[in-house]
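**Q** Below: sequence and its predicted model.
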Amino acid sequence: MKPLLLKNFTATSCIGNGAAATLESLRQQRSGLNICEFETVDIETHVGEVSGVDDARLPENLCKFECRNNRLAELALQQDGFFETVQQAAERWGRRRVGVFLGTSTAGILQTELAYRQRDPVTGALPPRFEYASTHNSFSVADYVRRRCGLYGPAVASSCACA
């Protein structure tokens, strides 16, 4: 089998934003779990929430992808010069020859929960502004990253929610 060269990579998770912060947390054996203070959760539990995800903003032309999962992807793209490296690869190899392969969690489940709270009381219909395909769908993050980076190659999202 021919070796695969990884020119650049990044990692963004509850233990750190970027490769250096992730490595430092691993070396220090630091957990990323903290007491849950998320939204309306009122049970005593711990979660692995990524620092800065709520402050991340998507480009205006991709606002239909607005959800925490895609903001996390945007935050990750900004680490370790990753976005710039992807752009260089796309220029060198062609935008149809660069793929997107990502793991995801519960995708944009919060968007669905918020829409469910605002459903029509008579019909039960979700609000018209709710965008399932670009938020809650597990492919949403791969689609977002592909569009954000201007790529046209293959895209795959593997859901490892609750793993």
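**A** In hand now; what should we look at?

**Q** For the rest of this, base every contact and every neighbour count on C-alpha atoms.
**A** Noted.

**Q** Just say helix, strand or coil for Phe101.
**A** strand (DSSP: H, G, I helix; E, B strand; the rest coil).

**Q** Leaving out chain neighbours, which residue sits closest to it?
**A** Val156 (4.9 Å; C-alpha to C-alpha, 6 or more residues apart in numbering).

**Q** mind listing what that neighbour touches?
**A** Residues in contact with Val156, defined by C-alpha atoms under 8 Å, 6 or more residues apart in numbering, are Val100, Phe101, Leu102, Phe139, Ala142.

**Q** ok, now how distant is it from Val145?
**A** 11 Å (C-alpha to C-alpha, to the nearest Å).

**Q** One more: Arg27?
**A** 30 Å.

**Q** same deal with Leu75?
**A** From Leu75 to Val145 the distance is 11 Å (C-alpha to C-alpha).

**Q** Quick check: Ser134 touching Arg68?
**A** No. Ser134 is beyond contact range of Arg68, at 11.7 Å (criterion: C-alpha atoms under 8 Å).

**Q** which residue sits farthest out from the middle of the protein?
**A** In terms of distance from the mean C-alpha position of the chain, Val122 ranks first, at 34.2 Å (C-alpha atoms, centre = their mean).

**Q** that's a strand at it, yeah?
**A** No. Read with three-state DSSP, Val122 is coil and lies in no strand.

**Q** all helices for this structure, in order.
**A** 19-27, 68-77, 82-93, 109-117, 140-149 (DSSP state H).

**Q** what would those helices look like in TSV with mean pLDDT and distance to Val41?
**A** What follows is the helices of the chain, written out as TSV (pLDDT from 0 to 100; distance: least, C-alpha to C-alpha, whole Å):
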stretch	mean pLDDT	distance to Val41
helix 19-27	97	27
helix 68-77	94	16
helix 82-93	97	34
helix 109-117	87	12
helix 140-149	96	24
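
**Q** could those helices go into TSV alongside mean neighbour count and distance to Pro128?
**A** Below are the helices of the chain laid out as TSV (neighbours: other C-alpha atoms under 10 Å; distance: least, C-alpha to C-alpha, whole Å):
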stretch	mean neighbour count	distance to Pro128
helix 19-27	14	39
helix 68-77	23	20
helix 82-93	15	33
helix 109-117	16	9
helix 140-149	22	18
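
**Q** Out of those helices, the one nearest Glu60 is which?
**A** The closest of the helices of the chain to Glu60 is helix 140-149. By C-alpha to C-alpha, the value is 10.8 Å.

**Q** Run through who's touching that closest one.
**A** By C-alpha under 8 Å, 6+ apart, the list of residues contacting helix 140-149 from outside reads 62, 65, 69-70, 73-74, 83, 86-87, 99-102, 104, 107, 133-135, 152, 155-157.

**Q** Perfect, that will be all.
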